[in-house]
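Chemist: pasting the sequence and the predicted model now:
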Amino acid sequence: MNAATLAPSDEIASKGTLLIVDDTPANVSVLFNFLNTEGFKVLVAKDGKSAIQRAEYASPDLILLDVMMPGMDGFEVCEKLKSQRETREIPIIFMTALADTLDKVKGFSLGAVDYVTKPFQHEEVLARVNTHLKFRRLQQQLQAHAQELEKRNRENEQARAAAESANRAKSVFLANMSHELRTPLNAIIGYTDLLREDAPEMQPNEIVDDLEKIQTAAKQLLTLISDVLDIAKIEAEKTELRLVELDVGHLVEEMITVIKPTLGSNQLEVNCDPNCGKLYSDPVKLQQILLNLLSNAAKFTREGKITLSVERTETLIIFTVSDTGIGIAPEHLEMIFKPFSQVDSSSTRQYGGTGLGLSICRHYCTILQGEVSVESQLHQGSVFTVRLPLYLHP
Ligand code: ADP
C-alpha cells in the first residue's frame, strides 16, 4: 500500500460527523460550538436511548460519550453500541471527571478508544478526536483493501478451479477418444485379418457378414470424427446454416430408417401425424440433433421402449425423444450438455461415447433459434424435448 492511498490528510481529519452524548446543556453547548467551528458536523443526544437511536440512524464517525447520565449511563450505552453490528465499529471517546481512574479503565474494557477529561481542554479534545478519526479512516481503508483482496482471491480461485475442471474434462475426453477410436479400428483390423487368411475358403455370403461388421465399425469411426469436427467448428464459431423448406413427416421417416438398426433389444414407437406439415430449417443439423438423442436413448436403454413424438403448435415444432432406460440423477442434468461431459467418465464405464453429442445438440438448437431440455428420473428413463420455431428470424 503506498502513501497516497493511505495519506490521512488534515482535510480528511477536519471533516466528519461527531455525536455528542451528554445530559448537561452547558457541556454540550461548549463542545458543540468549539467542534462546529473546527469544521465538524455535530449531532447531539441528551440521553442514552436517543444516543443509540441517533448512532444507528446517522452512523457518526465518532461518539463523545458522557459517563454520568440519568437513566442509561455511558457504560450501558457503550455496551449496547458495541453489541450491534451497525454501530460496533464507531469509535467512542468517554468524557469523564479528571480523577475518575476507575471510570477510564471500565470505559476501555467496554471498547472505548480513549477518554477526555472535564473541564475540557479544547486542544486536547481536538487532538484526540482527530487522531481517532484518522485511525478510523485508515482502518476503513484497510478493511476495503482486505475485502478487495479477498474478492480477487476468490475470483482467482474460481478461475483456477474452472481451468482445472476444463483440463480434467479434456484429459478424460482424450482417454475416451483413444478408447473409442481403438475399439472400431481393432474390429476393422481383426476382421480384415481374418478375411485375408480365410477368404479363399469362404462362401461369398460368409464374407458379406464380416464385411458388414467392418462397415459398421468404419461408420462408427466416421461418426466419432464428424462429432469432433463439429465441436471444433462450433468452438471456432464457424458453423454455417443451410436453410430449406422441409417436410417433417419425410424427415421423421428418414430418421426411423437410420436409427432402426441401432435399437438393439428396444422397441421404437413413433407418434407423428404424417401431415404435420413443413418446417423451414437446416435438415443436416436437425437430423443430427434427433439422431444424437435417439442413439443416446438406444444406448442407455436395455429391453425398453423408445418413443419419438412430433407435435406442431402455431409457431413451434416440438420433438420429444423419451426412453425407459437408466435415467439421469438431478445433479447431472445440466452437466451432460457441456462438451466432453459424461455422467460416468470412469475407465470402467459401461457405455461408449465421448460426451460430445448433447453439447452439439444444444449448440445446434441454439443456432436454430430453439432449445433442448431434459427431464429424467434415475432408473426410470429420460425425456429430451427439442423446441424449434417453424420459421427462423433472419
Ligand atoms: P456420449 O453419449 O457420447 O457420452 P452425450 O453428450 O451424447 O455423450 O451424452 C452425455 C452424457 O449424458 C452421457 O454420457 C450419459 O451419461 C448422459 N445421457 C445422455 N442421454 C442419456 C439418456 N437418454 N439416458 C441416460 N443418460 C443419458
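Modeler: Nice, I can see it.
Chemist: quick check: mean pLDDT of stretch 55-70?
Modeler: What stretch 55-70 shows for mean pLDDT is 94.
Chemist: for that stretch, C-alpha coordinates in CSV please.
Modeler: Extracted in CSV, the C-alpha atoms of stretch 55-70 (Å, rounded to 0.1, in the frame of the first residue of the first chain):
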residue,chain,number,x,y,z
ALA,A,55,-26.0,6.4,16.2
GLU,A,56,-28.0,3.8,14.4
TYR,A,57,-29.7,6.3,12.1
ALA,A,58,-26.9,8.8,11.3
SER,A,59,-23.8,6.5,11.6
PRO,A,60,-21.5,9.2,13.0
ASP,A,61,-17.7,8.9,12.5
LEU,A,62,-17.1,9.2,16.3
ILE,A,63,-19.0,9.5,19.5
LEU,A,64,-18.1,11.6,22.5
LEU,A,65,-20.0,9.9,25.4
ASP,A,66,-20.6,11.2,28.9
VAL,A,67,-20.3,8.6,31.7
MET,A,68,-22.7,10.0,34.2
MET,A,69,-26.2,10.3,32.8
PRO,A,70,-29.6,9.7,34.4
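Chemist: let's number from 20 now, not from 1
Modeler: Let's use 20 as the start, then, which means that last one is stretch 74-89.
Chemist: for that stretch, buried residues please.
Modeler: 74, 79-88 (16 or more other CB atoms under 10 Å). Where you see a C-beta, it was placed from the backbone N, CA and C, and this is true even at glycine.
Chemist: now stretch 330-350
Modeler: 331, 336, 338-347.
Chemist: okay, now that stretch: how far is its last residue from its first?
Modeler: End-to-end span of stretch 330-350 (CA to CA, to the nearest Å): 29 Å.
Chemist: spell out whether it and the ligand are in contact.
Modeler: Yes: Stretch 330-350 reaches the ligand (CB under 6 Å from any ligand atom) through 342, 344-347.
Chemist: what residues sit buried inside stretch 108-115?
Modeler: So for stretch 108-115, counting by 16+ other CB under 10 Å, buried means 109-115.
Chemist: who's in contact with Gly35?
Modeler: Gly35 makes contact with 59-60, 79-81, 152 under the criterion CB atoms under 8 Å, 6 or more residues apart in numbering.
Chemist: one more: Val135?
Modeler: 83, 112-115, 143-144, 147.
Chemist: now intersect those residues with the helices, please.
Modeler: 143-144, 147 (DSSP state H).
Chemist: Gly371: what secondary structure?
Modeler: coil (DSSP: H, G, I helix; E, B strand; the rest coil).
Chemist: Ile337 too?
Modeler: strand.
Chemist: that one reaches Leu298, doesn't it?
Modeler: No: with contact defined as CB atoms under 8 Å, Ile337 does not count as touching Leu298 (11.2 Å).
Chemist: overlap of the contact sets of those two?
Modeler: Leu407.
Chemist: how many residues are close by Val263?
Modeler: Val263: 10 surrounding residues under other CB atoms under 10 Å.
Chemist: check contacts around it.
Modeler: 299-302.
Chemist: equivalent analysis for Gln399, please.
Modeler: Here Gln399 is in contact with 343, 346 (criterion: CB under 8 Å, 6+ apart).
Chemist: where does the stretch 20-169 of the chain dip in pLDDT?
Modeler: Where the stretch 20-169 of the chain drops to pLDDT under 70, the residues are 20-33, 117-118.
Chemist: repeat that with 90
Modeler: Residue ranges of the stretch 20-169 of the chain with pLDDT under 90: 20-34, 87, 115-126, 136-140.
Chemist: the residue in it that the ligand sits nearest to: helix or strand, and which one exactly?
Modeler: As assessed by CB to the nearest ligand atom, the ligand sits closest to Glu169 within the stretch 20-169 of the chain, at 36.6 Å. Taking DSSP states H and E as the definition, one finds Glu169 inside helix 141-217.
Chemist: OK, contacts around the residue nearest to Leu411 when sequence neighbours are not counted?
Modeler: The shortest distance from Leu411 to any non-neighbouring residue, by CB to CB, 6 or more residues apart in numbering, is to Gln388 (5.4 Å). Residues in contact with Gln388 (CB under 8 Å, 6+ apart) are 407-408, 411-412.
Chemist: now a ChimeraX select for only the buried ones of those.
Modeler: In ChimeraX syntax, the buried subset of the contacts of Gln388 is picked out as below (16+ other CB under 10 Å):
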select :407,411
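Chemist: so which of the contacts of Gln388 reach the ligand?
Modeler: Within these, nothing lies near the ligand by CB under 6 Å from any ligand atom.
Chemist: could you identify the least confident member of the contacts of Gln388?
Modeler: By pLDDT, His412 ranks lowest within those, coming in at 73.
Chemist: residue contacts, the closest residue to the ligand within the stretch 70-219 of the chain?
Modeler: Closest residue of the stretch 70-219 of the chain to the ligand, CB to the nearest ligand atom: Asn195 (7.9 Å). In this structure, Asn195 makes contact with 361, 364, 372-374, judged by CB under 8 Å, 6+ apart.
Chemist: and for Ser395, the neighbour number?
Modeler: Other residues lying near Ser395 total 20 when counted by other CB under 10 Å.
Chemist: and the pLDDT for it?
Modeler: pLDDT, read off for Ser395, is 97.
Chemist: SS state for it?
Modeler: Ser395 ends up strand, using three-state DSSP.
Chemist: surely it is in contact with Leu352?
Modeler: Yes: contact criterion CB under 8 Å: Ser395 and Leu352 qualify, at 6.5 Å.
Chemist: what's the nearest residue to Asp342 if we skip its chain neighbours?
Modeler: The shortest distance from Asp342 to any non-neighbouring residue, by CB to CB, 6+ apart, is to Ala316 (3.8 Å).
Chemist: pretty sure the one you found contacts Thr339?
Modeler: No: contact criterion CB under 8 Å: Ala316 and Thr339 do not qualify, at 10.8 Å.
Chemist: what's the overlap in contacts for the two?
Modeler: Phe403.
Chemist: burial check on Met274, number of neighbours?
Modeler: By other CB under 10 Å, the residues close to Met274 number 22.
Chemist: contacting residues for it?
Modeler: Contacts of Met274 (CB under 8 Å, 6+ apart): 306, 309-310, 313, 327.
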